[in-house]
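K.L.:
below are the sequence and a predicted model for it; my questions follow.
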Amino acid sequence: MGGDQGQGQQNQITQQQLGVEQQYLGMAQNQLTQEQTLTAPQKTYNTGVINAAESGNYSNLISAAGPATGTIAQTEKQAQEQIMNSVPAGPGRDYALAASKQGEATQMSTTLNQLFQNALQSNTNIGLASAGIGLQETGAGLNSANIASQSNQAVMSANEQAKSSTMSMIGQLAGAGGAAVSGGFAKGGAFA
């Protein structure tokens, strides 16, 4: 009878711990969904920059890098207008215009390279953050499973102790009954 009650307690504790583990799983799934929703625009932008750079199509990369390259192009246009208005026609102006164009190309390539590198790093960070959430929730679930196991062990130990006490009591009663029936012959009676 005590074993059935102990087994029932053990099952109840196991079911409670299973419920806790399922809650942790639900929380992990919610966090992952939120993380994916919040990071989707950044991942899309990063992927566009990376794909454009890998395609080798310079215009695709410039389109993906839009705002940064637009500022550089605007600055270059203003510099060329200033050169045209302030430097007299001739080799000096030609050199100034060529140097300005070369400066634009250098700034553009530096900016595009930084955007590409930043996109790679950003995607890496997003992935690491997702992995971190998964590891935290996995750890919480494992901890919950460990607590359930410890609870089960405690109930099983209590059941075994109860069985041991019952068996000891039965053994003592059997010994006392045997001694009463034998009339004490086993302890130095006439046949000893």
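P.N.:
Cool, got the structure.
K.L.:
could you measure Ser149 against Gly8, distance?
P.N.:
18 Å (CB to CB, to the nearest Å). Using the backbone N, CA and C atoms, a C-beta is placed for each residue, glycine as well.
K.L.:
do the same with Ser63
P.N.:
67 Å.
K.L.:
the host helix or strand of Ser168 - contacts with which helices or strands?
P.N.:
Per DSSP states H and E, Ser168 falls inside helix 91-182. Counting contacts by 3 or more CB pairs under 8 Å, 6 or more residues apart in numbering; DSSP states H and E, helix 91-182 is packed against helix 2-55, helix 58-64, helix 66-86.
K.L.:
neighbouring contacts of the last one?
P.N.:
Contact with helix 66-86 is made by 62, 93, 96-97, 100-101, 103-104, 107-108, 111-112, 115, as judged by CB atoms under 8 Å, 6 or more residues apart in numbering.
K.L.:
repeat the analysis, applying 7 Å as the threshold.
P.N.:
Ile62, Arg93, Ala96, Leu97, Ser100, Glu104, Gln107, Met108, Thr111, Leu115 (CB atoms under 7 Å, 6 or more residues apart in numbering).
K.L.:
give the burial count for the closest residue to Gln42 other than its chain neighbours, as a bare number.
P.N.:
Leaving out its chain neighbours, the residue that sits closest to Gln42 by CB to CB, 6 or more residues apart in numbering is Ser122, at 6.2 Å. Neighbour count of Ser122, defined by other CB atoms under 10 Å: 17.
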